[in-house]
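Novice: Sequence first, predicted coordinates after that:
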Amino acid sequence: MTISARASEAKFAVDVVTAFFGRIEAIEDPDAIDLTFGNPHELALPGLVSAMWEQVDPRSDDWFAYKTSEPEAQEVVASGLSVQLGLDFEPADIAMTQGAFGAMSLALAMLADAGDEVIIPLPGWFCYEPMLRVGNLVPVRAPLDPETFDLDVDAIARAITPRTRIVIVNSPANPTGRVYPKSSWDALAAVLEEASARNGRRIWLMSDEPYRRIRFDDIEFASPAGSYPWTVIDYSYGKVLLAPGQRLGYLALSPLIPAAEREELRDALMPIGLAIGWGFPDAIMQYSVPALETVSIDITEYTRKRDRLFQALAEASFEVTRPEGTFYLWGRAPGGDAVAYCDALAARGVHIMPGTLFDQPHHFRISLTGTMGMIDAAIPHLVEVGAELREAAVRAG
């Protein structure tokens, strides 16, 4: 074998995603309706463009020198987080990173040793497992409630072993759109505290929060960082700015982490950020943070798109989960075969994501980042193909 065993395992874990990505990239039809990945289908937000444009002209000879975490960016993030989460974050608790990917890589390198187990949600983001595999860590899946997709604290408790080091949670959740209440985090905190004492080793919680600011109907947000002290938060600006190609994010340490451990982690943020491959954002992105903190996609417009699509599918007898956050809609494939449903739609020029990418072969995910025109044009096909597959399933007995 030419590549390492861990690289081979990571590749195998993500092959279904990369194959699907290649298929979408190969689409040549200019009229195709692409509702797969959370990519923009309109020009970038003016606030993003102006924030970056203002930082292009150098103001000193070291303007584009090596950057770690810029103090002003740390201060802005800590202040914003303190307001949003009601916790007293300090600038030293923040490490600026290349998106949430970089933040998670930093946390995994800092907290886990080779062979440690990391519990991940099922269904959950399809990059959790390959990230863990390439880091010589062992992914352990804990299913969400199969009907409501609520956080299943009992399932997490059952997944814990003496080798468990980290539990990853995601709210608002990709792909389901669920937002979990504080009561869920309180219950999970009790489980993790008891298991840490039982195992004689601290279990950490990684809260994956890139969709934190994308919530519908004024639903409240609670971070587990307020319920369980041993929590780190990863965040990406790419979602709220709808600019995933501009890599900007951060890792935040919960202010409730005991002082000694918190200081040790603070001291490790910069050297480990260097060690994982200089995982700090580019200069222009860091300089733009103060302006970008107030820039966002239009949540009102995304609410309209969610309601339009959800209502149309619900009226057509689809089993769909009403998103409370994110910009995705999650549903059960008519006839029970997600690949068959997505392939039949692709033949009509409508592209959505099969749940097989999330190890859920009976479900599908639709991105709301398409325009309202794209969604309106897709709905008749979604409904008609669904009806055909349901009829076929009935005939097959």
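Specialist: Perfect, thanks for sending it.
Novice: only C-alpha atoms for contact and neighbour calcs from this point on.
Specialist: Will do.
Novice: quick one, helices of the stretch 51-200 of the chain?
Specialist: For the stretch 51-200 of the chain, the helices defined by DSSP state H, counting those that start in this stretch cover 71-85, 99-111, 128-134, 153-159, 182-199.
Novice: longest helix in the chain, by residue count?
Specialist: Secondary structure of the chain per DSSP state H: the longest helix is helix 372-395.
Novice: Mind giving me the packing neighbours of it?
Specialist: Other elements packing on helix 372-395 under the criterion 3 or more Cα pairs under 8 Å, 6 or more residues apart in numbering; DSSP states H and E are helix 299-315, helix 338-346.
Novice: what stretches of this protein score poorly on pLDDT?
Specialist: Along the chain, no part satisfies pLDDT under 70.
Novice: Please save the CA atoms from stretch 139-159 in CSV.
Specialist: Extracted C-alpha coordinates of stretch 139-159, given in CSV (Å, rounded to 0.1, in the frame of the first residue of the first chain):
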residue,chain,number,x,y,z
PRO,A,139,-15.2,7.1,15.5
VAL,A,140,-18.1,5.7,17.5
ARG,A,141,-21.6,6.5,16.2
ALA,A,142,-24.4,7.4,18.6
PRO,A,143,-27.8,7.5,16.8
LEU,A,144,-30.2,10.4,17.2
ASP,A,145,-33.9,9.6,17.9
PRO,A,146,-35.0,7.9,14.7
GLU,A,147,-38.3,9.7,14.6
THR,A,148,-37.7,13.2,15.9
PHE,A,149,-33.9,13.4,15.5
ASP,A,150,-33.6,14.7,19.0
LEU,A,151,-30.4,14.2,20.8
ASP,A,152,-30.5,10.8,22.4
VAL,A,153,-28.5,11.1,25.6
ASP,A,154,-29.1,7.4,26.5
ALA,A,155,-27.6,6.4,23.1
ILE,A,156,-24.5,8.5,23.9
ALA,A,157,-24.3,7.0,27.4
ARG,A,158,-24.3,3.5,25.8
ALA,A,159,-21.6,4.4,23.4
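Novice: Sort out which residues of it are buried, please.
Specialist: By neighbour count on 16 or more other Cα atoms under 10 Å, the buried set for stretch 139-159 is 139-144, 149-153, 156-157, 159.
Novice: Wait, V295 touches L242, no?
Specialist: No - taking contacts as Cα atoms under 8 Å, V295 lies outside contact range of L242: 10.4 Å.
Novice: So for those two, which residue has more residues nearby?
Specialist: Set side by side, V295 and L242 show more neighbours around L242, with 21 against 17, by other Cα atoms under 10 Å.
Novice: The more buried one: what secondary structure?
Specialist: Following DSSP: H, G, I helix; E, B strand; the rest coil, the label given to L242 is coil.
Novice: before we move on, the earlier item: just the buried residues of stretch 139-159 now: which is nearest G336?
Specialist: Nearest to G336 among those is F149, at 17.5 Å by Cα to Cα.
Novice: right, and that closest one touches G177 too?
Specialist: No - F149 lies out of contact with G177 (Cα under 8 Å); the separation is 9.1 Å.
Novice: Report the beta-bridge partners for the residue nearest to F37 when sequence neighbours are not counted.
Specialist: In space, and not counting its chain neighbours, F37 is closest to S367: 6.3 Å by Cα to Cα, 6 or more residues apart in numbering. Beta bridges link S367 to Y328 when assigned by DSSP bridges.
Novice: which residues touch S367?
Specialist: Residues near S367 by Cα atoms under 8 Å, 6 or more residues apart in numbering: 35-38, 327-329, 352.
Novice: hmm, back to that, out of the helices and strands packed on helix 372-395, nearest to T164?
Specialist: Nearest of the helices and strands packed on helix 372-395 to T164, taken as Cα to Cα: helix 338-346 at 32.6 Å.
Novice: Can you name every helix or strand that the closest one contacts?
Specialist: Judged by 3+ Cα pairs under 8 Å, 6+ apart, helix 338-346 is in contact with strand 353-354, strand 363-367, helix 372-395.
Novice: Deepest-packed of these, please.
Specialist: Neighbour counts (mean count of other Cα atoms under 10 Å) averaged over each of the helices and strands packed on helix 338-346 peak at strand 353-354, with a mean of 26.
Novice: List the contacts of that one.
Specialist: For strand 353-354, the surrounding residues in contact (Cα under 8 Å, 6+ apart) are 35-37, 338-339, 342, 361, 363-366.
Novice: Equivalent analysis for stretch 292-302, please.
Specialist: Applying Cα under 8 Å, 6+ apart, the contact partners of stretch 292-302 are 45, 47-48, 51, 76-77, 80, 214-216, 240-242, 327, 368-369.
Novice: now with 10 Å?
Specialist: Residues outside stretch 292-302 that contact it (Cα atoms under 10 Å, 6 or more residues apart in numbering) are 44-52, 73, 76-77, 80, 213-217, 237, 239-242, 285-286, 289, 305-308, 325-328, 368-372.
Novice: quick one on the thing from earlier: overlap in contacts of V295 and L242?
Specialist: Common neighbours of V295 and L242 (Cα under 10 Å, 6+ apart) are 45, 48.
Novice: which SSE is W330 in?
Specialist: In this structure, W330 sits in strand 328-332 according to DSSP states H and E.
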